Structure formats: C-alpha cells, structure tokens
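**Q** sequence plus predicted model, see below.
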Amino acid sequence: MFKHKSSLLLALILALSVIVTACGGSSTGSTSSATNTAGEAAATAPATREYDTDKGKITIPAKPQRIVTDYYGGELLTVDANVIGVEPTAFKNPFIKDKLAEHKTADVGTPLNMEKILELDPDLIVVMYDDNYEALSKIAPTVHIPYGTAKNIRETVNLFGDLTGNTEQAKQFLADYDKEAAAGREKLKGVVDANTTVGLYELTDKNALWIFGDNAGRGGQSVYDALQLKMPAKIAKDAQTTQLSLEALPEYDADYMFLTFYDPEGKSEALDKLKKSPVWSSLPAAKNNHIFYNDYDTFYRYDPIATKAQIPLFVDMILNSQPAK
C-alpha cells in the first residue's frame, strides 16, 4: 500500500512538472513571437522611397543622414538636414557659417571634387547644376533641382522638407518666419504705407547695373513677401533680373533703394563713379537719405535662413533713415 501511494505521488509530481514546464515554454514562445513581430515591423519600415525629379524617378533614403550639395547648403540646413559637403562660397554666408562648422561640413570644391565626395560617403547628393550628374549618381542617389524650381520661400522650405523627410522642421521654420515677418511689419506701421516703393539693385565691378524682383536674392523675399512692400512699377513680376542703363534708372527708382556692390577683387571704382553721377545724386531717394549700400555677402544670399535673418536688417535701415523728431 505504501509503495503504491509513493508511486502515485511520484507520478503526480512528474505530471505537474510537465505542465509547469509546458506553461513556461509557452510564455517564452509568446515573448519571442512578440519580439520577432516588432523586429519584422522595424525591418519593413521604408528605408528608401521613390522621388520624382527632372531625370525621372530615383530611389532615395527616406531620411538621408549624410548629404552633399553644391549650392543648396542653406536650404538643407533650414530643415535641419545634415550637410557634410558644400561648395566653397557657402562658408562666406554669414547666416549659415556657424551651422556648417557645427556639422563639420567639408568644402567639396567648384567644380565638385569627385574624389572628395567619394571620401565623404554621402547617402544623398543634391545639386543645382547637373554637369556631373552621371558621375555623382554612381557615388550616391543624386537629385537635380534646377535654379528657380521653387518660386518663393514657402515652396523652397516645403520642397527641402519633403526631400529630406523633415516636414515637421519645415513647418516650424515657416511658423518662425511668419512670426518674424509680422513683427517687422508692425514696426514699420506709420513709417511706410501701401504706396511706398522699395527697389533692390546691384552694381558690378564692370559697371553693370541691375534691378531684382522678389525671388533672386538681394533681400527680395524679405522685402516683398515678409514685409509686403511694393516693387517699383516698371518691374514685371516674372522678370527677376533686369539690366539697366544709368540713363534709364530714374524710370526704375523707388522711395527706398538698396544697392549691393559685386566687387570680388576689391579694386573697382564703379561704386564711386555711380555715386558721383548726376543721375544717381538727383534721385528722390538720394535726396531723402533713402539709399542704402549693403554688404554683398550679407544681402546676396537667398536661402530661407538668410531671408528670415534679413527681415530685421531691412526694418532697422528704414527706421534709422527717418528724420529725428
């Protein structure tokens, strides 16, 4: 009887052990299954996507991490993209040079240095000019965005936000831009009115004189979009750059005139010659102290970061030119 009871108890213990082990095995299996499912979901998240360009559809990273560009450094930095290589004049841009330093961005030359770009190992290349498109495409997916593709700051920011997968950063930048623009317009209330005109001009070291529209740099988006000031009547909306003769300048003058001087070698006397001309000195803006001579590197820039930063600069110049009360 004792032996029979012992055998029965032993059999019961063994049975319970099997059940517990089975339950434990089932639990481990469930955890492993959940982990595998999460891993599969992460693995199937889109690492790349198709992107439409003027060269056709290409496959690009959904969230590029290492971007090389020629002339779109400021546009990419606007949406917090990681720019690892850019053409050399970008480092003279006062509005982005600190950001380029933070990113340890390399100078990739003009024309673009293929060996340097290869060393940088980009996962995306973005170019304004397609001279080396085929060679660049062999290094990394290359997106060609011709100059003038975007017609204003909003199109520009949204384009680069979409390209880099940084759409939230694009929205935040535009919200900050609109806030800066509203603040600038508020400061100009009572100083300028709806009929006040503003002109953007540039003189070159070769005595060529130009006037600019709203999307060719020199502060166009800051003045005409953000501050909503008026162009001289003679400028057509679709003519972003127009060369002028000095004799024709009075037809294109404005209440406030902002001039940049392109003199890369610092040797030209073109600006002194212009200032001494009877045509220039007889302009109403000259008589009213409303002509401003602006630094080329500061006001040539047209990337969104520069555009936003130029708004208060224009506001301060207009305010400081008012006669003391």
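**A** Structure received. Residues are numbered from 1 along each chain as shown.
**Q** what is the neighbour count of Thr110?
**A** A count of neighbours around Thr110, defined by other C-beta atoms under 10 Å, yields 12. Glycine gets a C-beta too; all of them are placed from N, C-alpha and C.
**Q** how does the protein divide into domains?
**A** Per the record, the chain has its domains at 50-165, 191-320, by automatic domain parsing.
**Q** what is the mean pLDDT for the longest one?
**A** What it means is domain 191-320. Taken as a whole, domain 191-320 carries a mean pLDDT of 94.
**Q** cool, and the first one?
**A** Domain 50-165 shows a mean pLDDT of 97 in the predicted model.
**Q** got the end-to-end distance for it?
**A** 12 Å (C-alpha to C-alpha, to the nearest Å).
**Q** kindly report the same for stretch 216-231.
**A** 14 Å.
**Q** buried residues in it?
**A** 216-227, 229-231 (16 or more other C-beta atoms under 10 Å).
**Q** let me see the contact set for Lys57.
**A** For Lys57, the contact set (C-beta atoms under 8 Å, 6 or more residues apart in numbering) comprises Glu50, Tyr51.
**Q** circling back: to Asp178, which of the domains of the chain lies closest?
**A** Taking C-beta to C-beta, domain 191-320 is the member of these nearest to Asp178, at 8.3 Å.
**Q** could you pull out the strands in the stretch 101-250 of the chain for me?
**A** 106-107, 124-127, 142-144, 198-204, 209-212, 241-244 (DSSP state E, counting those that start in this stretch).
**Q** looking at it, Asp317 is touching Ile291, isn't it?
**A** Asp isn't right for residue 317; it's Met. No - under the criterion of C-beta atoms under 8 Å, Met317 makes no contact with Ile291, lying 10.3 Å away.
**Q** these two: who's more crowded?
**A** Set side by side, Met317 and Ile291 show more neighbours around Ile291, with 22 against 14, by other C-beta under 10 Å.
**Q** in CSV, list the strands of the stretch 101-250 of the chain along with distance to Ile60 and mean neighbour count.
**A** Output for the strands of the stretch 101-250 of the chain, formatted as CSV (distance: least, C-beta to C-beta, whole Å; neighbours: other C-beta atoms under 10 Å):
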stretch, distance to Ile60, mean neighbour count
strand 106-107, 21, 16
strand 124-127, 6, 25
strand 142-144, 7, 22
strand 198-204, 35, 23
strand 209-212, 33, 22
strand 241-244, 32, 14
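**Q** export those as a markdown table, with columns for distance to Trp280.
**A** Converted to a markdown table, the strands of the stretch 101-250 of the chain look like this (distance: least, C-beta to C-beta, whole Å):
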| stretch | distance to Trp280 |
| --- | --- |
| strand 106-107 | 38 |
| strand 124-127 | 39 |
| strand 142-144 | 41 |
| strand 198-204 | 10 |
| strand 209-212 | 10 |
| strand 241-244 | 12 |
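**Q** Asp297: which of those is closest?
**A** Using C-beta to C-beta, the nearest of the strands of the stretch 101-250 of the chain to Asp297 is strand 198-204, at 12.7 Å.
**Q** neighbouring contacts of the closest one?
**A** Looking at what lies outside strand 198-204 - C-beta under 8 Å, 6+ apart - the contacts are 209-212, 218-220, 223-224, 229-232, 235, 252-263, 268, 270-271, 274.
**Q** report the contact partners of the most centrally placed residue in the chain.
**A** Nearest to the mean C-alpha position of the chain, by C-alpha atoms, centre = their mean, lies Glu75 at 1.5 Å. Neighbouring residues of Glu75 by C-beta under 8 Å, 6+ apart: Thr156, Val157, Leu159, Phe160, Asp303, Pro304.
**Q** three-state assignment of it?
**A** Secondary structure, DSSP: H, G, I helix; E, B strand; the rest coil: Glu75 is helix.
**Q** now do the helices in this protein.
**A** With DSSP state H as the criterion, the chain has helices at 2-44, 73-78, 97-102, 114-120, 133-137, 153-164, 167-188, 220, 270-276, 278-281, 284-287, 296-299, 304-320.
**Q** which elements pack onto the fifth one?
**A** The reference is to helix 133-137. In this structure, helix 133-137 makes packing contacts with helix 114-120, strand 124-127, strand 142-144, judged by 3 or more C-beta pairs under 8 Å, 6 or more residues apart in numbering; DSSP states H and E.
**Q** tell me how far that helix lies from the chain's centre.
**A** In this view, helix 133-137 has its centroid 23 Å away from the chain centroid, taken as C-alpha atoms, centre = their mean, to the nearest Å.
**Q** buried sites along it?
**A** Here helix 133-137 shows Leu136, Ser137 as buried, counting by 16+ other C-beta under 10 Å.
**Q** ok, now which ones touch the closest residue to Asn207 other than its chain neighbours?
**A** Using C-beta to C-beta, 6 or more residues apart in numbering and skipping the chain neighbours, the partner closest in space to Asn207 is Ala270 (4.8 Å). Each residue near Ala270 by C-beta under 8 Å, 6+ apart is listed here: Leu203, Thr204, Asp205, Lys206, Asn207, Phe261, Asp263.
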